[in-house]
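Colleague: Provided below for reference: sequence and predicted model.
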Amino acid sequence: MSELRWHPLLGEWVATATARQDRTFLPPPNFCPLCPTAPGGFPTEIPEADYDIVAFENKFPSLSPNPPEPAIAATGLYPVEKSFGECEVVVYTPNHNSTLAQEPVSQIYKLVQVWTDRFKELSAKEFIKYVFIFENKGEAIGVTLHHPHGQIYCYPFVPPRVLREIEQSQKHNAETGRCLLCDVLKEEQTDGRRIVTENESFTAYIPFFARYPYELHIISKRHLQDLTEMTQQEQINLAEILKQVLVAFDKLFDVSFPYMMVLHQKPSDGASYDFYHFHIEFYPPMRTATKLKYLAGSETGAGMFINDTLAEEKAAELRGKIKPVSWTNE
Amino acid sequence: MQSENDKNLPNIGEMKKRRVLMADRRRYLIYYTFDKDSPVSSDQTSELQNAEGAAHDKKESALDSSFINHNSSIRSKERGNV
């Protein structure tokens, strides 16, 4: 069963997707559904091996273009809607044992182009109002499949977290005439202590207001609203800074670093968002080599994050792990 | 978008898409390959759709129309779009 249920206390939708309870959970490598099907082997989601990147509709979607009827009738207080939308899986490489950090920068550049193409195609669908590209990595995040992959959720509305950013951006623009994130970038560059790395087109920093110890944002220096506005040079620079940041994360504790990576772009509902600024956010749960930051009572029940660390110190740690990107040793 | 500076940009080849129906005959899958033997052209993709993939797209297009009326009730519930 799958449906959208209205949360009257928060004024937002909650999706139920009971089919996801039985989704594939940490299968052994020879039963990985995201690996290409081996000759005579277990049939996976991907029949062929000759590809760079694959995108396909999720077998256990939270939202779909042809959703079932809701399991429950709506009431005046509790509206219920069909869970229209799209859920895609983006498989980064045929190599089961890789991670995005371990892939050559050329593969990350290909991924940026695939993201751009998916965003463009999915944004054009009338029933999709927000295209959300993201990656959950690591069992600490709750990942159920190890094969390197990300996802794309397409919502029939602008989701709450993004809506709040948009509201804040519009408010700042109305008050100052300027872009909020352009001002954040300027503030971070002026201060300098929280910058992790930057290149011609992008800056990576741990924000002043970081809610996780190693929360990191990547922002375009040019005021862009989404991936489709990037030049080819900017696409390359984005791949390069992603490679640098991902490798630095892994070097922090010499482990494959778990994280949530999210792309915040403008909605695809046809409205104007000139005041909004495309950026990428990372939420890594590790706070030390052996400890995780959990979202407990204050974060989940009150919405107030407690960060046990200082952004300036964490940025210095990460800066020390940044290495130059090489296109030639691939 | 090509410029003089593009000559110095890394060449990963032209992006090609091939859209197929999956084994369950309900979902689509897109293979992305990058052909290094073709010149880089970020604005051009060659997309080969088999007949079943095209049929899947037509079905989705019909769903788009049916959702338009449905969507108005979803948006009226939200706490205020910008």
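Modeller: Okay, I see it. Residues are numbered from 1 along each chain as shown, chains lettered A, B, ... in the order given.
Colleague: poorly predicted segments of chain B, please.
Modeller: B:1-7, B:38-82 (pLDDT under 70).
Colleague: the same query, at a cut-off of 90, please.
Modeller: Where chain B drops to pLDDT under 90, the residues are B:1-13, B:35-82.
Colleague: get me the contact residues on the stretch 1-150 of chain A for chain B.
Modeller: A:4, A:6, A:11-13, A:43, A:45-48, A:50-57, A:59, A:65-66, A:79, A:81-82, A:84, A:106, A:109-110, A:113-114, A:117, A:125-127, A:129 (C-beta under 8 Å from any C-beta of the partner chain). All C-beta spots, glycine's among them, are computed from the backbone N, C-alpha and C.
Colleague: quick one: which of those sit in helices?
Modeller: The helices, defined by DSSP state H, take in A:106, A:109-110, A:113-114, A:117 from the residues of the stretch 1-150 of chain A next to chain B.
Colleague: circling back: out of the residues of the stretch 1-150 of chain A next to chain B, which sit inside strands?
Modeller: If you go by DSSP state E, the residues of the stretch 1-150 of chain A next to chain B have A:4, A:6, A:12-13, A:53-57, A:81 in strands.
Colleague: what's the most distant pair in those?
Modeller: A:Trp6 and A:Ile53 (36.5 Å; C-beta to C-beta).
Colleague: out of these two, which sits in the more crowded spot?
Modeller: Taking A:Trp6 and A:Ile53 together and counting by other C-beta atoms under 10 Å in any protein chain shown, A:Ile53 has the greater number of neighbours (24 against 19).
Colleague: tell me what that one is bridged to.
Modeller: Beta-bridge pairing of A:Ile53, defined through DSSP bridges, involves B:Tyr32.
Colleague: still on that earlier bit, please indicate which of the residues of the stretch 1-150 of chain A next to chain B are buried?
Modeller: A:4, A:6, A:12-13, A:45-46, A:51-57, A:59, A:65, A:79, A:81-82, A:84, A:106, A:109-110, A:113-114, A:117, A:125-127, A:129 (16 or more other C-beta atoms under 10 Å in any protein chain shown).
Colleague: alpha carbons of the helix or strand where A:Gln151 lies, as CSV, please.
Modeller: Per DSSP states H and E: A:Gln151 is located in strand A:149-155. Provided in CSV are the C-alpha atoms of strand A:149-155 (Å, rounded to 0.1, in the frame of the first residue of the first chain):
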residue,chain,number,x,y,z
HIS,A,149,24.4,4.2,-6.2
GLY,A,150,22.2,7.2,-5.5
GLN,A,151,18.6,7.9,-6.0
ILE,A,152,16.2,10.5,-7.4
TYR,A,153,12.9,11.2,-5.7
CYS,A,154,10.4,13.3,-7.7
TYR,A,155,7.7,14.8,-5.5
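Colleague: who does it pair up with?
Modeller: Sheet pairing for strand A:149-155, using DSSP bridges, gives strand A:86-91 (antiparallel), strand A:130-137 (antiparallel).
Colleague: other residues contacting the last one?
Modeller: So that's strand A:130-137. For strand A:130-137, contacts defined as C-beta atoms under 8 Å, 6 or more residues apart in numbering or on different chains pick out A:90, A:99-100, A:115, A:118-119, A:122-123, A:142-143, A:149-155, A:157-159, A:162, A:256-263, A:265, A:267-269.
Colleague: same thing but at 6 Å, please
Modeller: A:115, A:119, A:122-123, A:143, A:150-155, A:158-159, A:258-263, A:267-268 (C-beta atoms under 6 Å, 6 or more residues apart in numbering or on different chains).
Colleague: with the first one instead?
Modeller: Residues from elsewhere that reach strand A:86-91, judged by C-beta under 6 Å, 6+ apart: A:34, A:54-58, A:61-63, A:65, A:149-154.
Colleague: what of stretch A:187-197?
Modeller: By C-beta under 6 Å, 6+ apart, stretch A:187-197 touches A:204-206, A:244, A:311-312, A:315, A:318-319, A:322.
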